[in-house]
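Colleague: coords please:
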Amino acid sequence: MVHLYCVDGTNVVRGAYGYGGADFREQEDADAERLVTALGQLCEALQGRIEVEVIFDGTFRALRSSASNLRVRFAREVEADDLILDRVRSRRYEGGSRMTVVTGDGELGRMAIDEGGRWQRVGRGA
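Modeller: Reported below is the predicted structural model:
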């Protein structure tokens, strides 16, 4: 079975570059686009072995990849953390292999483990 990675997009972008908030929206959008591009290249290189979902907080933005095994989603009315945990739970209930949550958020990572997932920590500046 293909391994699924669920990336906490906003957390990874803000943690990697060390900023956040409305004053940095343009830079955050550009860095989010870079993240999706890099993940798309990884997905294309590992076609058939992994699937990646990147979930960002907030409204839709035009972030796309041509990789068929990469999906970009936006948490509009709920927190991205809630969507990520829902994905961990659904994967467990489907009987699929465990999924890995990629985030620097320790609370989310521990909750993913408690729900049967794995946690790949992303440190500041990673």
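Colleague: which one's the longest helix in the protein?
Modeller: helix 25-45 (DSSP state H).
Colleague: Check which helices and strands the lowest-mean-pLDDT helix or strand in the chain is in contact with.
Modeller: Least confident element among the helices and strands of the chain, by mean pLDDT, DSSP states H and E: helix 9-17 (a mean of 87). With contacts taken as 3 or more Cβ pairs under 8 Å, 6 or more residues apart in numbering; DSSP states H and E, helix 9-17 sits against helix 25-45, strand 50-57, helix 80-94, strand 100-103. In short, each C-beta sits where N, CA and C put it, glycine included.
Colleague: so who does residue 83 touch?
Modeller: 55, 73, 75 (Cβ atoms under 8 Å, 6 or more residues apart in numbering).
Colleague: And the residues you listed, which is closest to residue 117?
Modeller: For the contacts of residue 83, the closest approach to residue 117 (Cβ to Cβ) belongs to residue 55, at 13.7 Å.
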